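*Asks:* have a look at this prediction, sequence included:
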Amino acid sequence: MTEARDLLKKADALLDRYRVSHPEQDFPVLTEVVKTESEAADPVLTDVVDRIEPEWPSPQAANDFAPPPSRQQPVSPQDTERAMREAMVEQFRASLALYLPDRLASDLQRRLHAGLDDAVNELSARMHKEIDSMVRSSVEHAVLQALDSLESPEPPPPGD
């Protein structure tokens with residue numbers, strides 16, 4: 001308990017050291033409104049407005065400035081909903097027109113690269129098989145010719 005009080009006293013002393021001291025305010029504080037003679041003589045705007053009768057235009061004068069009556073049928077909620085839906089779809093299409101080309105281009109490029117890679121790999125595998133088949137066929141043909149030449153004696157050269 002005494003530690004807490006000592007701690008509070010130290011904190012107060014620290015705050016007092018850095019607290020800016022202000023001299024007592026020696027200017028008066030206005031507590032009531034005092035009217036001067038000129039203000040008392042001038043009418044307040046609300047006094048003047050209360051005395052003026054408002055002049056409202058006649059209903060006939062109001063009709064002179066009114067727009068002509070509409071010949072359109074009243075708008076149904078379904079028509080309003082359809083118009084709002086069409087406006088939203090148009091806004092969506094406009095935003096897609098800005099976003100879609102970049103997105104489609106990157107997607108198309110990615111798919112094109114993947115398709116070309118697949119085609120090149122397939123073509124390479126086919127060529128490998130074809131070349132392997134042609135080499136086997138050529139080797140087999142050469143071996144058969146060599147075997148045929150070994151099996152059949154060569155005819156003696158003419159003139160011996």
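*Replies:* Arrived safely.

*Asks:* those strands in this protein, which residues are they?
*Replies:* Counting by DSSP state E, one finds no strands in the chain.

*Asks:* could you list the low-pLDDT ranges of it?
*Replies:* Residue ranges of the chain with pLDDT under 70: 20-30, 32, 34-74, 153-160.

*Asks:* show me where it has its helices.
*Replies:* For the chain, the helices defined by DSSP state H occupy 2-18, 37-41, 45-51, 59-65, 77-151.

*Asks:* a markdown table for these, including distance to T31?
*Replies:* Heads up, the C-betas are built off the backbone N, CA and C, glycines and all. Shown next, in a markdown table, are the helices of the chain (distance: least, CB to CB, whole Å):
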| stretch | distance to T31 |
| --- | --- |
| helix 2-18 | 32 |
| helix 37-41 | 18 |
| helix 45-51 | 25 |
| helix 59-65 | 51 |
| helix 77-151 | 60 |
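
*Asks:* want to throw those into a markdown table with mean neighbour count?
*Replies:* Shown next, in a markdown table, are these (neighbours: other CB atoms under 10 Å):
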| stretch | mean neighbour count |
| --- | --- |
| helix 2-18 | 9 |
| helix 37-41 | 8 |
| helix 45-51 | 8 |
| helix 59-65 | 8 |
| helix 77-151 | 10 |
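
*Asks:* so how far is R93 from D79?
*Replies:* Distance of D79 to R93, computed by CB to CB, to the nearest Å: 21 Å.

*Asks:* D16 too?
*Replies:* 71 Å.

*Asks:* do L144 as well
*Replies:* From L144 to R93 the distance is 71 Å (CB to CB).

*Asks:* likewise for L104?
*Replies:* Taken as CB to CB, the span from L104 to R93 is 14 Å.

*Asks:* and S133, by the same measure?
*Replies:* Going from S133 to R93 by CB to CB gives 55 Å.

*Asks:* with R5 instead?
*Replies:* 75 Å.

*Asks:* ok, R17 next?
*Replies:* From R17 to R93 the distance is 70 Å (CB to CB).

*Asks:* same question, M1
*Replies:* Distance from M1 to R93, by CB to CB: 76 Å.

*Asks:* same question for L14.
*Replies:* 68 Å.
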